[in-house]
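Visitor: Build me a model:
(chains A and B)
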Number of protein chains: 2
Amino acid sequence: MSSLVVGSIALDTVETPFGKAEEALGGTAVFFSLAASLFTDVQLVGVVGQDFPEDAVTLLQTRGVDVEGLQRREGQTFRWIGEYDFDMNVAHTLDTRLNVFETFHPSIPERYRDARLVFLGNIDPELQLEVLRQVNQPALTCLDTMNFWISGKKAALDKVIEQVDAVLLNEGEIREYTGRYNVLEAARELRKRGPRYVIVKRGEYGAVLFADDEVFMVPAYPTWEVRDTTGAGDSFAGGFVGYLDAVGSIDASSMRSAMVYGSVVASHCVEAFSIDGLLRATPDTLEERYSRLAEITRIDASVHFNPKDLVAEGA
Amino acid sequence: MSSLVVGSIALDTVETPFGKAEEALGGTAVFFSLAASLFTDVQLVGVVGQDFPEDAVTLLQTRGVDVEGLQRREGQTFRWIGEYDFDMNVAHTLDTRLNVFETFHPSIPERYRDARLVFLGNIDPELQLEVLRQVNQPALTCLDTMNFWISGKKAALDKVIEQVDAVLLNEGEIREYTGRYNVLEAARELRKRGPRYVIVKRGEYGAVLFADDEVFMVPAYPTWEVRDTTGAGDSFAGGFVGYLDAVGSIDASSMRSAMVYGSVVASHCVEAFSIDGLLRATPDTLEERYSRLAEITRIDASVHFNPKDLVAEGA
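Guide: Just a heads-up that it's a prediction; the model follows:
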């Protein structure tokens, strides 16, 4: 039982209407790892510079994240500087300094190669292909990407999308990639190109799973505090993959629960800056929020409305 | 058993990426009536000019809508001209000609005054107050409004909001009215000002009901065709109110089902221009879409994740 993540590790400087974080721990591999480690063992592959704080590494280890795949290189760690307005579905990037991330190539340690689940974070699709070449038939491979690769590395992206089991995208990305505006159509089109599962992330409106004949919609868990949405999508992915790994089965029913746990974990992420919200999640809060999502979406399937019956009653 | 609606009756000219309708039947009272009449008897109050097509009146009557409250005045019917981009959550108004609607005052026929449910469409809050003065203790009063009245007629709007049981608003409107960005906070604030029920409409992302201790989220029913979203909110309201009237009880459980039927009816509305989508709805399609919404949101409440159990199993 283990999940492998390959993705960015960053020091983020983020400002939102609710505060600011400077040079705070961030990046896909970090958010994903901390989220998935609530459920399972996580193996991390990424790169940092010499300036990366040692206590961040220790923190990951304390949370059960295996850092053998963490490369430390000459130079500076990847920096992202961004801000959000009240509408925190949209990040505004002020500056991106790739630094050591620019020349990153994923090298998967021997010990990681049998990982059951593999999450290919939003990196160059050529690198995502390099990862797939190094792993031994995982039970589920998941991929995230972004507009930058959709427009800039379409051929490589097509190739990796053909090979993975699940793709996670936001609405704008799946529309751009498939050329279809209607999300049902876009998901059908994407599934034709290979992946059995398509997950469309909708920010504060939750996420939708498309699988075989199934559509499943989970709302974002409604929280009183939304302070910084950086990492919410990666936390969703971490909760989703981590839960699937932990339960050991990948079927329609576990997929649904995994989506719900993804939403639950993402809700922790957004409640504070950087990783602070994720660190507050506990087995109890996960269970509590899962139950609450079940409650606030519950539709009584036994209800039937038949106007003819009502006419008969009223007659 | 009857529901009263007071609102606009319009001839809409609408262009979307999927086509165009010219001088087509529209307006709150029309969409609401046709939606609610799928469930119950509807009494309509509104105004049209001499140019209003007689066969539109006949159509409403055929659908069981009582048009005694329909005023016909010298002059032209209200016109709305608008367009939508692919993002059909946002209408772009090109022109509004109030015509006879400008001097409209609602006069509630004697026979309508005992209506069980009353829906105050998005009109001047002074007129909404005039309606409330003419009805005899309905079981439920619902109100819709818009930014124009929030900024322009705040005092009158405050007064009518104090007096109604339920308010339906979109996210931008509730944020503007309450000054709170977080929707949970905004709904709490609005409920403090009078209404027991607050329904936040989120376009293609569905709607949320806030009531007492309850939050209930229903997605928009996912449909393959979204051609024109004009009237979707009014159709939602019509399905919601019509169902509540038909079942004859207003409790937590019927409120939930009413939200689901609102979503179902709105999904019919958006599938075609003007009222054509609504006209295709049948008891069978309502039941089918209700069941499907139950299915695509179903969360297994018996799932519990306890990492300690898993560790024990794996040990």
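Visitor: switch to C-alpha atoms for all contacts and neighbour counts from now on
Guide: Will do.
Visitor: Low-confidence regions, the stretch 201-315 of chain A specifically.
Guide: Within the stretch 201-315 of chain A, the stretches with pLDDT under 70 are A:307-315.
Visitor: Do a quick rundown of the strands in the stretch 201-315 of chain A.
Guide: A:207-211, A:214-218 (DSSP state E, counting those that start in this stretch).
Visitor: how about the lengthiest helix in chain A against chain B, any contact?
Guide: In chain A, with assignment by DSSP state H, the single longest helix is helix A:252-270. Yes. Contact of helix A:252-270 with chain B (C-alpha under 8 Å from any C-alpha of the partner chain) involves A:256, A:257, A:260.
Visitor: okay, the angle between that helix and strand A:214-218?
Guide: With axes from the mean of the first three to the mean of the last three C-alpha atoms, to 10 degrees defining the directions, helix A:252-270 sits at 30 degrees from strand A:214-218.
Visitor: same for helix A:252-270, what does it pack against?
Guide: In terms of contacts (3 or more C-alpha pairs under 8 Å, 6 or more residues apart in numbering or on different chains; DSSP states H and E), helix A:252-270 is packed against strand A:207-211, strand A:214-218, helix A:232-247, helix A:276-279, helix A:283-297.
Visitor: ok, now how distant is the residue in the stretch 101-250 of chain A positioned nearest to chain B from residue B:301?
Guide: Residue nearest to chain B within the stretch 101-250 of chain A: residue A:216 (4.5 Å; C-alpha to the nearest C-alpha). Distance, residue A:216 to residue B:301, by C-alpha to C-alpha, to the nearest Å: 15 Å.
Visitor: So for these two, which residue has more residues nearby?
Guide: Higher neighbour count among residue A:216 and residue B:301: residue A:216, with 20 against 14, using other C-alpha atoms under 10 Å in any protein chain shown.
Visitor: And for the residue nearest to the more buried one when sequence neighbours are not counted, the neighbour number?
Guide: Excluding the flanking residues, the one nearest residue A:216 by C-alpha to C-alpha, 6 or more residues apart in numbering or on different chains is residue B:296, at 4.5 Å. Residues within reach of residue B:296, counting by other C-alpha under 10 Å, total 19.
Visitor: Confirm for me that residue B:296 is in contact with residue A:211.
Guide: No. Residue B:296 is beyond contact range of residue A:211, at 11.5 Å (criterion: C-alpha atoms under 8 Å).
Visitor: what does the stretch 51-200 of chain A put close to chain B?
Guide: Applying C-alpha under 8 Å from any C-alpha, we find that the stretch 51-200 of chain A lies next to chain B at A:86, A:181, A:182, A:184, A:185.
Visitor: want to try JSON lines for the residues of helix A:252-270 next to chain B, with neighbour count and distance to residue A:226 as columns?
Guide: Shown next, in JSON lines, are those (neighbours: other C-alpha atoms under 10 Å in any protein chain shown; distance: C-alpha to C-alpha, whole Å):
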{"residue": "A:256", "neighbour count": "25", "distance to residue A:226": "24"}
{"residue": "A:257", "neighbour count": "23", "distance to residue A:226": "23"}
{"residue": "A:260", "neighbour count": "31", "distance to residue A:226": "18"}
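Visitor: which residues are there in the stretch 201-315 of chain A that come within reach of chain B?
Guide: For the stretch 201-315 of chain A, the residues in contact with chain B (C-alpha under 8 Å from any C-alpha) are A:205, A:214-219, A:222-226, A:246, A:256-257, A:260, A:283, A:286-287, A:290-291, A:293-301, A:303-307, A:310.
Visitor: So among those, which ones count as buried?
Guide: With neighbours counted by 16 or more other C-alpha atoms under 10 Å in any protein chain shown, these contain buried members at A:205, A:215-219, A:222-223, A:226, A:246, A:256-257, A:260, A:286-287, A:290-291, A:293-300, A:305, A:307.
Visitor: Quick check: residue A:264 vs chain B, distance?
Guide: Per C-alpha to the nearest C-alpha, to the nearest Å, residue A:264 is found 12 Å from chain B.
Visitor: What are the neighbouring residues in contact with that residue?
Guide: Applying C-alpha atoms under 8 Å, 6 or more residues apart in numbering or on different chains, we find residue A:264 in contact with A:220, A:221, A:236, A:239, A:286, A:289, A:290.
Visitor: measure the fifth one to residue A:254 for me?
Guide: Residue A:286 sits 16 Å away from residue A:254, going by C-alpha to C-alpha.
Visitor: neighbours around residue A:130, how many?
Guide: Residues lying near residue A:130 (other C-alpha under 10 Å) number 15.
Visitor: And the residue most central in space within chain A, how close does it get to residue B:44?
Guide: Geometric centre of chain A, nearest residue: residue A:237, 2.6 Å, by C-alpha atoms, centre = their mean. Between residue A:237 and residue B:44 the computed distance is 50 Å (C-alpha to C-alpha).
Visitor: Check residue A:261 too.
Guide: Between residue A:261 and residue B:44 the distance, using C-alpha to C-alpha, works out to 46 Å.
Visitor: Looking at the two, which has the bigger crowd around it?
Guide: Legend: neighbour count by other C-alpha under 10 Å for residue A:261 and residue B:44, higher for residue A:261 (32 against 28).
Visitor: any idea what sits nearest the more buried one, other than its immediate chain neighbours?
Guide: That would be residue A:239: by C-alpha to C-alpha, 6+ apart, it lies 5.5 Å from residue A:261.
Visitor: correct me, but the one you found touches residue A:33?
Guide: No. If you go by C-alpha under 8 Å, residue A:239 and residue A:33 don't touch, sitting 9.2 Å apart.
Visitor: Please save the CA atoms from the longest helix of chain A in CSV.
Guide: Extracted in CSV, the C-alpha atoms of helix A:252-270 (Å, rounded to 0.1, in the frame of the first residue of the first chain):
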residue,chain,number,x,y,z
ALA,A,252,-17.5,2.6,-8.5
SER,A,253,-18.3,2.7,-4.8
SER,A,254,-14.7,3.4,-3.6
MET,A,255,-14.3,6.0,-6.3
ARG,A,256,-17.3,7.9,-4.9
SER,A,257,-16.0,7.9,-1.4
ALA,A,258,-12.6,8.9,-2.6
MET,A,259,-14.2,12.0,-4.3
VAL,A,260,-15.9,12.9,-1.0
TYR,A,261,-12.6,12.5,0.9
GLY,A,262,-10.9,14.6,-1.8
SER,A,263,-13.4,17.4,-1.1
VAL,A,264,-13.1,17.0,2.6
VAL,A,265,-9.3,17.3,2.5
ALA,A,266,-9.4,20.3,0.1
SER,A,267,-11.7,22.1,2.6
HIS,A,268,-9.0,21.8,5.2
CYS,A,269,-6.4,23.1,2.8
VAL,A,270,-8.3,26.4,2.1
